[in-house]
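Colleague: this one's structure only:
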């Protein structure tokens with residue numbers, strides 16, 4: 001018997017089938033299933049019976065049995081779309097993804113506008129990281145049923161995963177209009193808004209979400225992060241502390257709280273929080289963002305543990321999407337690919353631009369892959385001209401961007417971001433080139449499995465510290481940091497134009513406030529106390545940081561007005577105003593990086609404290625490369641003694657300045673052509689090992 005509808009059954013069986021349907025609709029699934037089994041015992045070719053019985057098995061969580069029955073249904077009636085839909089769902093619940101996709105495909109072939117099938121198939125592709133296919137089906141689903149919250153929510157998630165947050169936010173707003181009490185939808189929309197740099201709206205959305213679910217640690221944590229993005233520091237801290245009160249091991253809340261406190265120079269409880277986080281590292285508890293950790297601790301071994309755990313998370317996100325690596329191929333030149341979201345007016349670009357221009361085009365073909373939002377300006381134009389090929393991949397998902405890089409057959413992929421803001425670690429984690437290099441943007445290891453090499457020098461990456469790096473070390477001859485001799489220094493105005501006293505000692509720290517610690521401010525205040533009229537000139541990126549630093553200065557017996565705040569300024573003006581300082585004082589455990597080379601280029605001596613980590617040795621490397629080794633200290637006591645000696649001896653400061661200015665043009669730090677050749681020797685050494693089939697190993701580049 002091959003009947004496919006109730007009309008082909010005997011009157012008695014048809015009546016029993018209608019009774020089974022009524023029992024199912026009344027919520028009596030077990031009675032309905034027993035009736036169906038009795039019908040199918042007499043009419044085994046009744047496709048609709050097998051379909052409904054399989055559907056009921058699925059409702060009861062008996063997915064293996066559901067598959068058996070639904071496969072019989074589609075074999076008997078292959079044109080029945082609903083049976084294929086039920087079968088696809090059962091396959092999916094059994095993690096038989098390929099079969100589920102095929103079954104959903106049969107539904108959409110029979111009914112191309114089937115909203116549920118397209119939505120579920122799209123969500124399945126989304127879970128597998130197949131974003132373009134996900135978007136195709138989810139867009140169909142949303143068009144077919146504009147009131148499907150599931151389709152719209154999944155479409156929003158797919159758009160965000162594909163690095164299209166504006167489209168994601170649009171879909172999520174539509175979903176939220178249909179389900180305004182759904183707190184999870186609020187959270188999804190807020191994340192999309194933050195990615196669109198619409199932090200104020202994200203805060204409003206999350207405040208509504210918290211009112212809907214006040215006991216959700218995740219929502220309080222997200223609200224704290226959004227408030228931090230909007231520089232509403234006190235509110236951010238309160239929200240993050242509430243999240244941790246609800247869920248003490250909430251990893252994101254913990255990391256964001258540490259970040260917010262450091263950015264606001266809010267040191268209350270910071271030492272206890274840092275100690276708690278340090279204990280959690282050994283207990284496999286929450287791990288902070290690696291960049292946050294570098295600002296809190298100087299231990300190289302700890303930094304490696306944090307990075308390894310973070311890298312494991314990044315690799316898990318890339319998952320099965322990591323293709324097998326391309327084998328190295330010998331050609332007459334090496335094809336370099338630089339990856340960054342900072343190919344615009346940014347510190348990394350200021351340092352690197354001339355080195356890119358000076359690459360030997362007979363030996364290298366140099367590509368840029370821009371992974372951030374498009375930004376115009378003089379530096380962007382300069383970089384677009386400096387690279388042989390400049391590709392904007394900012395609007396593409398990680399897998400697609402990695403695929404483009406792989407298609408270009410890049411030999412050495414150079415990541416300029418690491419774990420800094422705007423990173424796209426998912427691109428390099430997919431290994432789109434035979435070699436991946438960690439360079440310049442992030443002062444530390446990326447953790448196991450991400451990059452093959454890290455470019456440093458004998459100061460920031462001494463060979464004895466190799467166990468603290470997942471990458472093999474590359475030591476450039478003098479300093480790992482490139483510099484651009486074309487950085488123009490504007491005309492320096494009188495000190496009062498910058499809010500400084502006309503006379504007296506000016507100590508300067510233009511590092512981001514999050515790098516300043518209580519221990520360093522202690523020492524700086526000692527120096528101010530020792531020299532009446534001296535001031536401390538600080539970069540004021542946040543009003544709350546300035547207020548907190550002034551409060552801390554008052555607690556140390558220093559008039560808060562002796563801390564002078566500096567605002568953002570164009571690079572030539574910034575370099576010009578730096579000349580008003582007598583001495584730059586460095587932070588620890590995260591040193592000045594670009595700000596240090598800016599000070600030296602402007603002719604201002606810098607006093608630094610060096611530790612174990614890469615981040616705490618950068619300024620020491622720069623000072624060695626300009627011949628000012630005596631300004632490198634290796635303990636806080638040594639730093640304090642040297643600072644107090646310098647501020648008491650203005651003649652010595654003037655002599656250091658004259659020495660620095662007199663040697664700038666010949667200093668290795670600013671010999672960009674020699675630097676470019678050394679960097680190229682490093683790339684050649686890496687590539688020759690790869691061509692010979694040898695694994696990466698430490699490389700010391702001779703001068």
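Modeller: Alright, I've got the coordinates. A quick note: this is a predicted structure, and the numbers were derived from the prediction, not measured.

Colleague: Tell me if I am right that residue 295 is in a strand.
Modeller: No: under DSSP: H, G, I helix; E, B strand; the rest coil, residue 295 falls outside any strand and is assigned helix.

Colleague: Pull the contacting residues for it.
Modeller: Applying Cβ atoms under 8 Å, 6 or more residues apart in numbering to residue 295 gives the contacts 262, 514-515, 589-590, 615. Every residue, glycine included, has its C-beta placed from N, CA and C.

Colleague: Beyond the helix or strand harbouring residue 228, next helix or strand please.
Modeller: If you go by DSSP states H and E, residue 228 is part of helix 217-229. Remark: after helix 217-229, the chain's next helix or strand is helix 233-246, criterion DSSP H and E.

Colleague: Give me the mean pLDDT for the helix or strand just after that following helix.
Modeller: Sequence order places helix 251-263 as the next helix or strand after helix 233-246, per DSSP H and E. Averaging pLDDT along helix 251-263 yields 90.

Colleague: Which neighbouring elements make contact with the very next helix or strand once past helix 251-263?
Modeller: Of the helices and strands lying after helix 251-263 in sequence (DSSP H and E), the nearest is helix 270-282. The contact analysis (3 or more Cβ pairs under 8 Å, 6 or more residues apart in numbering; DSSP states H and E) places helix 270-282 against helix 251-263, helix 290-296, helix 300-318.

Colleague: Can you give the distance of the shortest one from its chain's centre?
Modeller: Distance, stretch centre to chain centre, for helix 290-296: 14 Å (Cα atoms, centre = their mean, to the nearest Å).

Colleague: buried set for that helix?
Modeller: 290-296 (16 or more other Cβ atoms under 10 Å).

Colleague: Give me the distance from stretch 141-159 to the chain's centre.
Modeller: That offset, for stretch 141-159, works out to 27 Å (Cα atoms, centre = their mean).

Colleague: residues making contact with that stretch?
Modeller: With Cβ under 8 Å, 6+ apart as the criterion, stretch 141-159 contacts 113-116, 118-119, 122-123, 126, 131, 134-135, 138-139, 165, 167-172, 174-175, 178-179, 182, 185, 188-189, 192.

Colleague: And for stretch 405-412?
Modeller: Identification of contacts with stretch 405-412 by Cβ under 8 Å, 6+ apart yields 323, 326, 328-329, 334-337, 339, 367, 369, 389, 391, 413, 427, 432-437, 683, 686-687, 690.

Colleague: List the buried residues in that stretch.
Modeller: 405-406, 408, 410-412.

Colleague: quick one: stretch 366-382 to chain centroid distance?
Modeller: 19 Å.

Colleague: give the contact list for residue 131.
Modeller: 125, 158, 161-162, 397, 399-400.

Colleague: Tell me if I am right that residue 24 is in a helix.
Modeller: Yes: using three-state DSSP, the assignment for residue 24 is a helix.

Colleague: Could you check how far the closest residue to it other than its chain neighbours is from residue 549?
Modeller: Using Cβ to Cβ, 6 or more residues apart in numbering and skipping the chain neighbours, the partner closest in space to residue 24 is residue 32 (4.1 Å). Separation of residue 32 from residue 549 (Cβ to Cβ, to the nearest Å) stands at 71 Å.

Colleague: For residue 422, which of the helices and strands packed on helix 270-282 is the nearest?
Modeller: When the helices and strands packed on helix 270-282 are ranked by distance to residue 422, counting by Cβ to Cβ, first place goes to helix 290-296 at 11.7 Å.

Colleague: Tell me where this protein has strands.
Modeller: 334-340, 364-370, 389-392, 412-415, 435-438, 453-457, 472-476, 506-509, 535-539, 563-566, 583-585, 606-609, 632-633, 699-700 (DSSP state E).

Colleague: want to try a markdown table for those, with mean pLDDT and distance to residue 575 as columns?
Modeller: Below are these laid out as a markdown table (pLDDT from 0 to 100; distance: least, Cβ to Cβ, whole Å):
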| stretch | mean pLDDT | distance to residue 575 |
| --- | --- | --- |
| strand 334-340 | 98 | 23 |
| strand 364-370 | 98 | 25 |
| strand 389-392 | 97 | 27 |
| strand 412-415 | 98 | 27 |
| strand 435-438 | 98 | 28 |
| strand 453-457 | 98 | 24 |
| strand 472-476 | 98 | 24 |
| strand 506-509 | 98 | 12 |
| strand 535-539 | 97 | 14 |
| strand 563-566 | 97 | 13 |
| strand 583-585 | 98 | 13 |
| strand 606-609 | 98 | 14 |
| strand 632-633 | 98 | 23 |
| strand 699-700 | 98 | 33 |
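
Colleague: of all those strands, which lies closest to residue 446?
Modeller: Once those are compared by Cβ to Cβ, strand 435-438 is nearest, at 5.2 Å.

Colleague: Show me what the closest one packs onto, helices and strands only.
Modeller: Strand 435-438 packs on strand 412-415, strand 453-457, helix 672-691, going by 3+ Cβ pairs under 8 Å, 6+ apart.

Colleague: between the worst-scoring helix or strand of the chain on mean pLDDT and helix 233-246, how big is the angle?
Modeller: The helix or strand of the chain with the lowest confidence, counting by mean pLDDT, DSSP states H and E, is helix 270-282 at a mean of 81. Angle, helix 270-282 to helix 233-246, by axes from the mean of the first three to the mean of the last three Cα atoms, to 10 degrees: 40 degrees.

Colleague: And helix 270-282, what's buried?
Modeller: Going by neighbour count (16+ other Cβ under 10 Å), the buried part of helix 270-282 is 270, 273-274, 277-278, 280-281.

Colleague: ok, now stretch 202-211?
Modeller: 202-203, 205-210.

Colleague: picking up where we left off before, list the contacts of the least confident helix or strand of the chain.
Modeller: With contact meaning Cβ under 8 Å, 6+ apart, helix 270-282 is reached by 249, 254, 257-258, 261-262, 285-288, 293, 296-297, 302, 305-306, 309, 518.

Colleague: hmm, which of those are the buried ones?
Modeller: 254, 257-258, 261-262, 286-288, 293, 296-297, 302, 305-306, 309.

Colleague: Now distance to residue 418 too, for the helices and strands packed on helix 270-282, in JSON lines please.
Modeller: Shown next, in JSON lines, are the helices and strands packed on helix 270-282 (distance: least, Cβ to Cβ, whole Å):
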{"stretch": "helix 251-263", "distance to residue 418": "16"}
{"stretch": "helix 290-296", "distance to residue 418": "8"}
{"stretch": "helix 300-318", "distance to residue 418": "9"}
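
Colleague: out of those helices, nearest to residue 217?
Modeller: Nearest to residue 217, of all the helices and strands packed on helix 270-282, is helix 251-263, at 6.7 Å by Cβ to Cβ.

Colleague: How far away from the center of its chain is the helix holding residue 228?
Modeller: On the basis of Cα atoms, centre = their mean, helix 217-229 sits 17 Å off its chain's mean C-alpha point.
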